[in-house]
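In: Give me the fold of what follows.
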Amino acid sequence: MKSFGGNLQKIKNGKRTYGITPHIPGGFVTPQTLIKIGEVAKKYKGILKITSGQRILITNLLEEDLPKIWEELGMEPAVKVQNSLKNVEICPANFCKRSKQPTIGLGMKISKNFHGMELPCRTKIGVAGCRNACTSVYSKDIGVLVDLDGKFFISVGGSGGFNPRSADILIKELNEKEAYEIVEIVLNYYNENGEPGEKLGHFIDRVTFEKFQRDILNLKEEKNDDN
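Out: Got it, this is the predicted structure:
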């Protein structure tokens with residue numbers, strides 16, 4: 001149940017408490033915004049929880065306080081529509097000694113352009129600057145990773161939820177621009193062909209990975225021809 005941009009979290013002795021999750025792209029937050037979140041949470045007796053999706057949940061809130069809290073935060077909800085691209089999780093590649101490419105910019109571009117995009121089912125993307133795959137990329141619907149040679153590759157179909165599924169490697173040897181384009185192609189193809197409520201991995205299993213891969217590569221070639 002949702003109310004004023006909040007989710008019902010708990011009912012105890014007839015008292016309902018709610019949680020909200022502001023959008024924090026890639027989990028990167030300025031000190032000023034972090035302080036503001038803390039101050040607002042303290043004012044309304046909220047409890048802060050750092051989530052697995054690189055966001056901050058503010059819970060233990062009263063329903064009547066939610067509009068005021070959102071106004072004081074001055075932030076957007078992380079999820080407005082459940083069946084959408086819910087989050088783009090990004091590793092700290094630009095600041096990591098193991099990184100083969102500085103991928104924060106690419107992750108932020110993907111987040112900016114596709115976050116909130118309505119899709120057949122809830123969808124997550126992981127972006128990592130090396131094969132260590134921090135942000136659990138192989139359990140994400142779409143993964144953008146960098147190989148040992150500094151080239152990008154894309155994984156698809158991962159899920160760490162009710163029906164776990166390890167991702168398949170879709171395509172390798174990409175530059176940054178091509179990696180972004182493949183993400184866009186996959187999202188659009190899934191949106192056009194997936195069934196309502198069907199996770200990307202389940203869609204791939206239904207049509208077969210071979211057909212999915214072939215169709216994506218054909219769409220990539222068509223895009224290159226148009227350019």
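In: For Arg16, what are phi and psi?
Out: The phi and psi values for Arg16, taken as degrees, to the nearest 10, are phi -100, psi 130.
In: any idea how far the residue most central in space within the chain lies from Lys12?
Out: Among the residues of the chain, Asn87 comes closest to the average C-alpha position under CA atoms, centre = their mean, at 2.1 Å. Using CB to CB, to the nearest Å, we find Asn87 at a distance of 29 Å from Lys12. All C-beta atoms are positioned from the backbone trio N, CA, C, and that covers glycine.
In: likewise Glu39?
Out: 26 Å.
In: Those two - which one has more neighbours?
Out: More crowded of Glu39 and Lys12, by other CB atoms under 10 Å: Glu39, with 11 against 7.
In: Check the model's average confidence along the helix or strand containing the more buried one for me.
Out: Assigned by DSSP states H and E, Glu39 belongs to helix 31-43. Taken as a whole, helix 31-43 has an average pLDDT of 98.
In: Quick check: buried residues in it?
Out: Under the neighbour-count criterion of 16 or more other CB atoms under 10 Å, helix 31-43 has 33, 36-37, 40-41 buried.
In: could you point out which element follows that helix?
Out: Toward the C-terminal end, the helix or strand that comes next after helix 31-43 (DSSP H and E) is strand 47-50.
In: Can you give the contact residues for the very next helix or strand once past that following strand?
Out: Going down the chain from strand 47-50, the next helix or strand is strand 56-61, by DSSP H and E. Residues outside strand 56-61 that contact it (CB atoms under 8 Å, 6 or more residues apart in numbering) are 6, 9, 17-22, 24, 29, 37, 40-41, 44-51, 69.
In: Among those, name the buried ones.
Out: Neighbour counting with 16+ other CB under 10 Å marks 6, 9, 17-22, 24, 29, 37, 40-41, 46, 69 as buried within those.
In: Could you check the pLDDT of Lys80?
Out: The model reports Lys80 with a pLDDT of 85.
In: swap in Asn224?
Out: On the pLDDT scale, Asn224 is placed at 83.
In: Just give the number of residues close to it.
Out: Residues within reach of Asn224, counting by other CB under 10 Å, total 10.
In: just to revisit the earlier point, quick one: contacts for the residue nearest to the centre of the chain?
Out: Per CB under 8 Å, 6+ apart, neighbours of Asn87: 53-55, 78, 111, 115, 124-125.
In: How is this protein partitioned into domains?
Out: Domain assignment for the chain by automatic domain parsing gives 2-73, 85-226.
In: which of those sits most buried?
Out: domain 85-226 (a mean of 18; mean count of other CB atoms under 10 Å).
In: mind checking the end-to-end distance for that domain?
Out: This stretch, domain 85-226, spans 27 Å end to end (CA to CA, to the nearest Å).
In: from the chain's centre, how far out does that domain sit?
Out: Put simply, domain 85-226 sits 10 Å off its chain's centre (CA atoms, centre = their mean, to the nearest Å).
In: so Leu73 makes contact with Ile37?
Out: Yes - the criterion here is CB atoms under 8 Å, and Leu73 meets it with Ile37 at 6.8 Å.
In: Mind listing the shared neighbours of the two?
Out: By the contact definition CB under 8 Å, 6+ apart, Leu73 and Ile37 are jointly contacted by Pro22.
In: hmm, back to that, and the domains of the chain, which one is worst for confidence?
Out: domain 2-73 (a mean of 92).
In: Next, format the contacts of Asn87 as CSV and append distance to Ala133.
Out: Formatted as CSV, the contacts of Asn87 follow (distance: CB to CB, whole Å):
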residue, distance to Ala133
Gly53, 16
Gln54, 15
Arg55, 20
Ala78, 23
Ser111, 18
His115, 21
Lys124, 14
Ile125, 13
